[in-house]
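A.B. asks: Following is a predicted model, sequence given first.
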Amino acid sequence: MMMPTKNKTHATILLVVCVAVAAAFNVAAAELQRFDHLPVKADGSLDILVIGDWGRRGLYNQSQVALQMGKIGEQLDVDFIVSTGDNFYENGLIDEEDSLFDESFTQVYTAISLQKQWYSVLGNHDYRGNVLAQLNPVLTHKDSKWLCLRSFIVNSGNVEFFFVDTTPFQDKYFTEEDQKYDWRGVLPREEYLSNVLKEVEMALEESSATWKIVIGHHTIFSAGSHGNTQELVDRLLPILEAKEVDLYINGHDHCLQHITSQNSQLQFLTSGGGSKAWRGEVKQWNPNEMKFYYDGQGFMALRVTENEIGVAFYDVFGEIIHSWSSSKHTHMDF
């Protein structure tokens, strides 16, 4: 059986992306959209890059991070890129014609290795703008690598990625008086949140993937300036632990971070160093849980094989500053 080429894989995704985005654009609480992005390397491995909190027209070292992503992306022959949200600062996009999209995305991530599919979730800064603009297939027509949905699934064979729209979970965004948020498609809020949790739990339950990875913008646990997100600790974390999720990957705090759980196999990974960083606010943390914290710019690489998963954090100079791996044995029934 012939393996599909990367170009064919990309083309297949693009054929369905407009339909999928249009569905999410109109129906926020529908069943989670699912995309197949299967490994194309001969050994079945999958390599991705993860970046968050980036869209600042190349400023605050965004361009330098993008440059290193391009180099590492070529070395690793990456399959796709994940964005953990806060894609456009300070207040998302005005509309589909906003020049911020080109100046912060298309004109920054220009390396050949980064012209792969980008899977993006929304952050709280994105919700301050026209949310529906970021979800609109018009942007995919402008730049074919762009795909942003609220919550969705990417199936990559041995690993499945579950993207979760975390901004509506946080109470403070609904009471802040100095910021406005675009809640179209989210209200009534509790119904929306209940649907998201139910859909994620069901999808995790039905998943037969060896590795399960959940991606959201907001932290669950973090020693950074934003700290823990209690609403996710209360409502999402129990599901992740019960369904034996391997990694929770987020942005929001502008740092690179790795916290391990003492209650489960779950690892908490922050990749929010896409541009503005160096806040200098680090909370004390149990050293048995805090494996790595870097208060600066950078990004994360993730490699998945049938039996092993590996993570590497890169700084703005393209140097590996932390790595971690785990393995598990799979059993086949005959």
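C.D. replies: Noted; the coordinates are in hand.
A.B. asks: Tell me which residue lies nearest the centroid of the chain.
C.D. replies: Against the mean C-alpha coordinate of the chain, by C-alpha atoms, centre = their mean, the closest residue is residue 84 at 3.3 Å.
A.B. asks: So that one sits against residue 216, correct?
C.D. replies: Yes. Using C-beta atoms under 8 Å, residue 84 is in contact with residue 216, at 7.4 Å. To be clear about C-beta, it is placed using only N, CA and C from the backbone, and glycine gets the same treatment.
A.B. asks: Next, show the common contact partners of these two.
C.D. replies: Residues within reach of residue 84 and of residue 216 at once, by C-beta atoms under 8 Å, 6 or more residues apart in numbering, are 121, 249, 250.
A.B. asks: residue ranges with poor pLDDT in this structure?
C.D. replies: 1-30, 330-334 (pLDDT under 70).
A.B. asks: now with 80?
C.D. replies: In the predicted model of the chain, residues 1-31, 329-334 satisfy pLDDT under 80.
A.B. asks: which residues of the stretch 101-250 of the chain fall in helices?
C.D. replies: Ranges of helices within the stretch 101-250 of the chain are 124-127, 131-135, 137-142, 189-206, 230-235, 237-242, based on DSSP state H, counting those that start in this stretch.
A.B. asks: Adding distance to residue 88 and mean neighbour count, write the ones you listed out as a markdown table.
C.D. replies: As requested, the helices of the stretch 101-250 of the chain are exported to a markdown table (distance: least, C-beta to C-beta, whole Å; neighbours: other C-beta atoms under 10 Å):
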| stretch | distance to residue 88 | mean neighbour count |
| --- | --- | --- |
| helix 124-127 | 6 | 24 |
| helix 131-135 | 8 | 23 |
| helix 137-142 | 11 | 17 |
| helix 189-206 | 22 | 16 |
| helix 230-235 | 23 | 15 |
| helix 237-242 | 28 | 17 |
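A.B. asks: if we can go back for a sec, kindly reformat the shared contacts of residue 84 and residue 216 as TSV containing neighbour count and distance to residue 276.
C.D. replies: Formatted as TSV, those follow (neighbours: other C-beta atoms under 10 Å; distance: C-beta to C-beta, whole Å):
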residue	neighbour count	distance to residue 276
121	29	19
249	22	20
250	31	17
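A.B. asks: So which of these sit within strands?
C.D. replies: Among these, DSSP state E puts 249, 250 in strands.
A.B. asks: just to revisit the earlier point, how near is the residue nearest to the centre of the chain to residue 151?
C.D. replies: 14 Å (C-beta to C-beta, to the nearest Å).
A.B. asks: which residues do those two both contact?
C.D. replies: By C-beta under 8 Å, 6+ apart, the residues touching both residue 84 and residue 151 are residue 121.
A.B. asks: Report the beta-bridge partners for the residue lying closest to residue 139 once chain neighbours are set aside.
C.D. replies: If the residues on either side of it in the chain are set aside, residue 139 comes closest to residue 146, at 5.1 Å by C-beta to C-beta, 6 or more residues apart in numbering. Per DSSP bridges, the residues bridged to residue 146 are residue 118.
A.B. asks: ok, now which ones touch residue 146?
C.D. replies: 105, 118, 120, 139, 140.
A.B. asks: Dump stretch 277-285 to PDB, restricted to CA.
C.D. replies: Taking C-alpha atoms only, stretch 277-285 is exported to PDB below (Å, rounded to 0.1, in the frame of the first residue of the first chain):
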ATOM      1  CA  ALA A 277       8.000  37.300  27.000                       C
ATOM      2  CA  TRP A 278      10.400  38.000  29.800                       C
ATOM      3  CA  ARG A 279       7.700  39.000  32.300                       C
ATOM      4  CA  GLY A 280       9.800  38.000  35.300                       C
ATOM      5  CA  GLU A 281       6.900  36.600  37.300                       C
ATOM      6  CA  VAL A 282       7.500  33.100  38.400                       C
ATOM      7  CA  LYS A 283       5.700  31.400  41.200                       C
ATOM      8  CA  GLN A 284       7.300  28.900  43.600                       C
ATOM      9  CA  TRP A 285       6.500  25.300  42.600                       C
END
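A.B. asks: Contacts for it next, please.
C.D. replies: 60-61, 223-225, 227, 254-255, 259, 293, 295-297.
A.B. asks: distance of residue 97 from residue 136?
C.D. replies: For residue 97, the distance to residue 136 - C-beta to C-beta - is 11 Å.
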